[in-house]
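[1] Take a look and give me a structure for this.
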Amino acid sequence: MAAKHIFVTGGVASSLGKGLTASSLGRLLKLRGLRVTMQKLDPYINVDPGTMNPFEHGEVFVTDDGGETDLDLGHYERFIDEGLTRNSNATTGSIYQAVLAAERRGDYLGRTVQVIPHITDEIKRRIKRLATDDVDVVITEVGGTVGDIEILPFLEAIRQFRKEAGRDNVCYIHVTLVPFIGPSGEQKTKPTQHSVTELRSRGILPDVIVCRSEAPLSANLKRKISNLCDVDEAAVVNAADAANIYELPLILHDEGLDQTVCEVLRLQAPVDLRPWEELVAMVEAATTPVRIGLIGKYVQLQDAYLSVVESLKHAGFHHGAKVEIDWIQAEDVEGLLAAGRLADLDGIVIPGGFGERGFEGKIAAAGFAREQGIPCLGLCLGLQAMTIEFARNVLGLVGANSSEMDPSTPHPVIDLMHDQRDVTDKGGTQRLGAFYAILEGDSRIASAYGEAVVSERHRHRYELSSQWKPRLEAAGLRCSGMSPDRRLVEFIELVDHPFWVGTQAHPEFKSRPDRPHPLFRELIGAGLALRAARAAADATPEDFATPRQSVA
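    Numbering: from 1, shown residues only. Coordinates of the predicted model:
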């Protein structure tokens, strides 16, 4: 069977949840036994989001093959539980780059290069290359909003796609907003009508309209949208706000989304919702509070740490805990320590990042966690901050630092690898994608993973210096995971601490809601143990006394 294609577009406003809608549909199709892959087409001209400020674009998600991609690919992987590749994200910049390179090679035989057919053909090629023999359905999300000038080539390409692939092989889904207008006390369908009209003017007639709203839509409103937008009433799907994102597949199934899509694509596959219903039940049962401080420099935009947050939640689900995140600006840490703000945290995460701003605050947080016995997990730059803190305050190396932050530091315990020092292309010097690490058998890391060799995704340039490694280890910092050639430190830990662990990788990219990442799972477990110990220490003897039996 040739692969079927689903295209998800959005209207009215950005951030409506196209990615979550597409991801939820992908999970529902997988629950029907179909093989699913996903893709994001982004209209910005950057070649990829790798060099974009997190305040601009949020988190950069990294694939096993080293692709720096849109954060929606994180949603895709978490929902459909499939490893994606760099081919699952294409930008206007990368598409034009490929077309211009072909023109320079003479591939077009001197013809005039135009948006149609050359750009649209390249877009279609990006879509088709995902339709391999081991895929039944390709879901492609088109970024941006219908009406934006930037997405016109993408809309034209997917319009042409149905003509070429056949009507029964393509389904168009349009996500719109049905706002609630307070003064009138009504939900309004006019934005949806205008958005669908704009889409139809581009030659695309949606098969399904997914209506985002705060509260559920009435049957009358659905009927109105059906009549005015020329879609079947059953194809007007309401995605009202949910308590948590993992409920969304069940909500959309109840609204008939996957059934309608299967009818459009002539797919017959029964659905088994039990695995996802069990997950949602586990999410709803996670009520024990645990408070984790996230020490970041981009905390004003929480999407900058999206995968970290979801990984903490996944670990909470596993332990029956509801993770409460305390968003802490790294630059403010030293002042907050003086005020005692961090003392009641059950755990700390020091996430990745680039640049000097806030780095001293991350170092201070690592030191506080080490000295106070608070569970701490350092990710990428977090490992580097933990190493520098240990070097300064345990090994006594005054001024120890990373050569990224202080090129003149007398003790560069974090440094570039020697073969990178003369490279000026920042993207080219990074370790990107999946790399193996060998774990020491009796280490906390190996115990968490339950295996001796692991693969994690990386996105960084600086490493723990092999020159300083022996002295750090002699002082008690255990380098418990190394690259296969023994050149690079991948994991560190302290033996005599409840949980003080760092990794040079980004394990948050591989966590799943029903299969939390081992490092986050262990962090939350240690945080719950600390919380229980504090509660026991604060209890009075009367709390444990046996109630006296009354005498009749």
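[2] Assign the residue nearest to residue 434 when sequence neighbours are not counted to helix, strand or coil.
    Counting by CB to CB, 6 or more residues apart in numbering, residue 64 is the residue found nearest to residue 434 once chain neighbours are left out, at 4.2 Å. Just so you know, the C-beta spots here come from the backbone N, C-alpha and C atoms, and that holds for glycine as well. State at residue 64, reduced to three classes by DSSP: H, G, I helix; E, B strand; the rest coil: coil.
[3] Would you confirm that residue 64 contacts residue 85?
    Yes: here residue 64 reaches residue 85: they are 7.1 Å apart, a contact under CB atoms under 8 Å.
[4] And the average pLDDT for the one helix or strand residue 337 maps to is what?
    Assigned by DSSP states H and E, residue 337 falls within helix 333-338. Per-residue confidence for helix 333-338 averages out to 84 on the pLDDT scale.
[5] Which elements pack onto that helix?
    With contacts defined as 3 or more CB pairs under 8 Å, 6 or more residues apart in numbering; DSSP states H and E, the packing partners of helix 333-338 are helix 359-372.
[6] any idea which helix or strand comes after the helix it packs on?
    As assigned by DSSP H and E, the chain's next helix or strand after helix 359-372 is strand 376-379.
[7] Return the set of buried residues in that following strand.
    In terms of neighbour count (16 or more other CB atoms under 10 Å), strand 376-379 has its buried residues at 376-379.
[8] Adjacent strands (with direction) for it?
    Sheet pairing for strand 376-379, assigned by DSSP bridges, gives strand 347-350 (parallel), strand 500-503 (parallel).
[9] For the first one, give me every contacting residue.
    Under the contact criterion CB atoms under 8 Å, 6 or more residues apart in numbering, strand 347-350 has outside partners 290-295, 308, 312, 342, 362, 365-366, 368-369, 374-379, 381-382, 385-386, 499, 523-524, 526-527, 530.
[10] Can I get the helix ranked longest in the chain in PDB, CA atoms only?
    The longest helix of the chain (DSSP state H) is helix 518-538. Only the C-alpha atoms of helix 518-538 are listed here, as PDB (Å, rounded to 0.1, in the frame of the first residue of the first chain):
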ATOM      1  CA  PRO A 518      16.200   6.900  33.800                       C
ATOM      2  CA  LEU A 519      18.000  10.000  35.000                       C
ATOM      3  CA  PHE A 520      14.900  12.100  35.500                       C
ATOM      4  CA  ARG A 521      13.200   9.000  37.100                       C
ATOM      5  CA  GLU A 522      16.000   8.800  39.600                       C
ATOM      6  CA  LEU A 523      16.000  12.500  40.300                       C
ATOM      7  CA  ILE A 524      12.300  12.600  41.100                       C
ATOM      8  CA  GLY A 525      12.800   9.400  43.200                       C
ATOM      9  CA  ALA A 526      15.600  11.100  45.200                       C
ATOM     10  CA  GLY A 527      13.500  14.300  45.500                       C
ATOM     11  CA  LEU A 528      10.500  12.300  47.000                       C
ATOM     12  CA  ALA A 529      12.900  10.600  49.400                       C
ATOM     13  CA  LEU A 530      14.200  14.000  50.600                       C
ATOM     14  CA  ARG A 531      10.700  15.300  51.000                       C
ATOM     15  CA  ALA A 532       9.700  12.300  53.000                       C
ATOM     16  CA  ALA A 533      12.800  12.600  55.200                       C
ATOM     17  CA  ARG A 534      12.100  16.300  55.900                       C
ATOM     18  CA  ALA A 535       8.500  15.500  56.800                       C
ATOM     19  CA  ALA A 536       9.700  12.800  59.200                       C
ATOM     20  CA  ALA A 537      12.200  15.100  60.800                       C
ATOM     21  CA  ASP A 538       9.500  17.800  61.300                       C
END
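[11] so after the helix or strand of the chain with the lowest mean pLDDT, what's the next helix or strand?
    For the chain, counting by mean pLDDT, DSSP states H and E, helix 426-429 ranks last in confidence among helices and strands (a mean of 54). Helices and strands here follow DSSP H and E; after helix 426-429, the next one along the chain is strand 431-439.
[12] neighbouring strands for that following strand, and are they parallel or not?
    Take DSSP bridges as the rule and strand 431-439 pairs in its sheet with strand 453-460 (antiparallel), strand 478-482 (antiparallel).
[13] Quick one: mean pLDDT over it.
    When the per-residue pLDDT values of strand 431-439 are averaged, the result is 96.
[14] Buried by neighbour count: which residues of that strand qualify?
    Neighbour-count burial for strand 431-439 [16+ other CB under 10 Å]: 431-435, 437-439.
[15] Out of those residues, give me the two with the largest separation.
    432 and 439 (21.9 Å; CB to CB).
[16] Now do stretch 206-217: distance to the chain's middle.
    25 Å (CA atoms, centre = their mean, to the nearest Å).
[17] C-alpha coordinates for it, PDB please?
    Extracted C-alpha coordinates of stretch 206-217, given in PDB (Å, rounded to 0.1, in the frame of the first residue of the first chain):
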ATOM      1  CA  PRO A 206     -10.300  21.000   4.300                       C
ATOM      2  CA  ASP A 207     -11.600  17.500   5.000                       C
ATOM      3  CA  VAL A 208     -11.600  18.100   8.700                       C
ATOM      4  CA  ILE A 209     -11.800  21.300  10.800                       C
ATOM      5  CA  VAL A 210     -10.400  21.100  14.300                       C
ATOM      6  CA  CYS A 211     -11.900  23.900  16.400                       C
ATOM      7  CA  ARG A 212      -9.800  25.000  19.400                       C
ATOM      8  CA  SER A 213     -11.900  26.600  22.200                       C
ATOM      9  CA  GLU A 214     -11.800  27.200  26.000                       C
ATOM     10  CA  ALA A 215     -15.100  25.400  26.500                       C
ATOM     11  CA  PRO A 216     -16.800  22.600  24.500                       C
ATOM     12  CA  LEU A 217     -18.800  23.700  21.400                       C
END
